[in-house]
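K.L.:
missing the sequence, but the structure's below:
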């Protein structure tokens, strides 16, 4: 997804901290185009402080006087909205919004994601200039997200979609040792069983489910070769210590 | 998903604003259990200001001295991590993390999501007490998310999963008028065609693709009955005005 085609538009933000927070959230998620419609205080040191290493986005931010200017060259405009507008508009959650944005960017269109004022959001008139509305499905106990947080959520969904198929699929995809073969696992289980018999934890005459439980444990975790070597080393030393400790030795 | 089984643990947060921001993000997404491990400044007015209508979460927050205390009664502990730990650990993105949390909560287990310090994250020792690691797939240009933003993203994914199947599937699921039947659409197209002929925009002898284009337009948008009535009203008035404007009248 070409992020150069995606702009985040903040309409009349009151708190410079939110502008900075939005800039950081954008850069964290690979977005760079910030447009500010008549911000109350900008530039401002609070914005820079919250932006942290995203001050470059603040320096490159475009400041305009009206939403119309901010979106004039866009082919797709999506406005964030609370629920319950008088006239329902096509509304998407952030995940489905990301899909629309991706499709539009794939056609090399310019896309604007528009966020309203901290206290009152976008006006009905502003929302009516949008092709689609975006609603973050917040909890009814406290539905109103902080402005920069809303930018974070929407930018995150764009990033997740851009990375689709590139993220590790299994939690152990990035590992530092090969996982053990079944042959090596069998040798380990035999070694483990011998050792447990030797230290008299396992009675061969009444083994119950002990080895099955241990097989489930180590099978479930999928040991890597290094871990297997550590465990076999422990078993070897356990056997040696047990032999040494025997009265007859 | 029973949110009472899920706690957000912040380890040594430095900035009270982040504690407040995290509390707000949690309440926005339906979470309520905040645990603070040795926060530098808490309680603090900056935390309350940023929490806004989530001050109740700050008031109910549990403050402890160590991570061990914070997670003592948990069956699943997931720690947030930047990439590139010396020993790889099973690592999930926020979406797959939410699935693990949901499965654990479904077994009525206690789950902790642990977030580290603003400047240095969790220590290796702390990460090694976690069952799983969570990594937010940020952009390489600026990978470090603000603490409260990270809480927002993770809480958002839990909320999205909790709402799975309950969110509107189509952007027009919540609409204020029934969509038109094909029969009414055909009457509209006939009315439209008559009108276009009458105002001499459409030449019946050389219609080209005009009606096909208009059918595609209105078919694509799926008109509702109220919109159809408005458009037919416009056509009727157009026909009347065109008749009145004719020289022979």
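P.N.:
Yep, that arrived. What you are looking at is a predicted structure, and each value in this text was computed from that prediction instead of being measured.

K.L.:
Which stretches in chain A count as strands?
P.N.:
A:6-11, A:33-37, A:62-64, A:76-80, A:91-92, A:111-115, A:132-134 (DSSP state E).

K.L.:
Show me what the third one is in contact with.
P.N.:
In this structure, residues lying in contact with strand A:62-64 by CB atoms under 8 Å, 6 or more residues apart in numbering or on different chains are A:33, A:34, A:35, A:36, A:37, A:38, A:39, A:42, A:70. In this view, the C-beta of every residue, glycine as well, is placed from N, C-alpha and C.

K.L.:
at 7 Å what do you get?
P.N.:
Outside strand A:62-64, the residues within contact range by CB atoms under 7 Å, 6 or more residues apart in numbering or on different chains are A:35, A:36, A:37, A:39, A:42, A:70.

K.L.:
Also the longest one?
P.N.:
Contacts with strand A:6-11, where a contact means CB under 7 Å, 6+ apart, come from A:19, A:22, A:26, A:31, A:33-37, A:67, A:70-71, A:101, A:105, A:111-117, A:122, A:126, A:147, A:151, A:158.

K.L.:
Okay, now the sheet partners of that strand, with direction.
P.N.:
Taking DSSP bridges as the criterion, strand A:6-11 forms sheet pairs with strand A:33-37 (parallel), strand A:111-115 (parallel).

K.L.:
export these to CSV and tack on mean pLDDT and mean neighbour count?
P.N.:
Below are those laid out as CSV (pLDDT from 0 to 100; neighbours: other CB atoms under 10 Å in any protein chain shown):
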stretch, mean pLDDT, mean neighbour count
strand A:33-37, 98, 22
strand A:111-115, 98, 25
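
K.L.:
can you give me the mean pLDDT across stretch A:75-95?
P.N.:
Averaged over stretch A:75-95, pLDDT sits at 85.

K.L.:
That stretch and chain B, are they touching?
P.N.:
Yes - counting by CB under 7 Å from any CB of the partner chain, chain B is contacted by stretch A:75-95 at A:87, A:88, A:90, A:91, A:92, A:93, A:95.

K.L.:
was I right about residue A:19 contacting residue A:47?
P.N.:
Yes - with contact defined as CB atoms under 7 Å, residue A:19 reaches residue A:47; the gap is 4.5 Å.

K.L.:
Of these two, give the one with the bigger neighbour count.
P.N.:
Each of residue A:19 and residue A:47 has its neighbours counted (other CB atoms under 10 Å in any protein chain shown); residue A:19 has more, 31 against 25.

K.L.:
check contacts around that one.
P.N.:
A:10, A:13, A:36, A:39, A:42, A:47.

K.L.:
can you pull the pLDDT of it?
P.N.:
Reading off the model, residue A:19 has pLDDT 98.

K.L.:
Pull out the buried residues from the lengthiest helix in chain A.
P.N.:
Longest helix of chain A, by residue count under DSSP state H: helix A:225-245. Buried residues in helix A:225-245, defined by neighbour count with 16 or more other CB atoms under 10 Å in any protein chain shown: A:227, A:228, A:232, A:235, A:238.

K.L.:
ok, residues contacting it?
P.N.:
Outside helix A:225-245, the residues that touch it by CB under 7 Å, 6+ apart are A:177, A:178, A:180, A:184, A:188, A:191, A:192, A:195, A:198, A:199, A:249.
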